[in-house]
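Enquirer: sequence-free structure coming up:
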Ligand code: FES
Ligand code: FES
């Protein structure tokens, strides 16, 4: 089948099999390997991308379902050389070790902060509760998201003063 979708702001069209999963479309057809593929059973969350602004586990979505929709992947988080505050937060607070879970964690965190700019630790933990990190532990991941929230709040206050 012919699939046309928008990925990171660019319209793409490819011939795909109807059974192809979105995660494999992104990685194998578009070369966007920032989205990781872990469990393939909707458990680990490393494959999280956005579809029409909502975080989804791309191993549970058929590529065909992205037809005519907007997909955003971790490759789109930075603005040129300028890292997204979430990316910066993970760097500043050591929110990763092996980095395997990190793309999904960051996409979920970005979505959370866009809806709730100042989440509590509990709210961050709830947001990432569908995602598994096997090596860093969750404390520094939560701290990284809070770092991003605090910096974005400070930036907003500075801009409005
Ligand atoms: S690969 Fe999608 S949830 Fe694990
Ligand atoms: S940083 Fe290794 S699994 Fe999370």
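Expert: Now that the structure is in, tell me what you want to look at. Quick caveat: nothing in here was measured; it's all calculated off a predicted structure. Residues are numbered from 1 along each chain as shown. Ligands and ions are numbered 1, 2, ... in the order given.
Enquirer: helices or strands up against the helix or strand hosting residue 4?
Expert: Counting by DSSP states H and E, the element that carries residue 4 is strand 2-7. Other helices and strands packing on strand 2-7, by 3 or more CB pairs under 8 Å, 6 or more residues apart in numbering; DSSP states H and E, are strand 10-15, strand 70-72. From N, CA and C alone the C-beta is placed, and that goes for glycine too.
Enquirer: what does the average pLDDT come to for that strand?
Expert: Taken as a whole, strand 2-7 has an average pLDDT of 98.
Enquirer: what's the angle from it to strand 10-15?
Expert: Here strand 2-7 runs at 160 degrees with respect to strand 10-15, directions being taken by axes from the mean of the first three to the mean of the last three CA atoms, to 10 degrees.
Enquirer: Name the strands paired with strand 2-7 and say parallel or antiparallel.
Expert: Using DSSP bridges, the strands paired with strand 2-7 are strand 10-15 (antiparallel), strand 70-72 (parallel).
Enquirer: May I ask you to confirm that residue 13 is in contact with residue 2?
Expert: Yes. The criterion here is CB atoms under 8 Å, and residue 13 meets it with residue 2 at 6.5 Å.
Enquirer: The strand or helix carrying residue 144 and ligand 2 in contact?
Expert: With secondary structure defined by DSSP H and E, residue 144 is part of helix 138-160. No. With CB under 6 Å from any ligand atom as the threshold, helix 138-160 lies outside contact range of ligand 2, at a closest distance of 7.6 Å.
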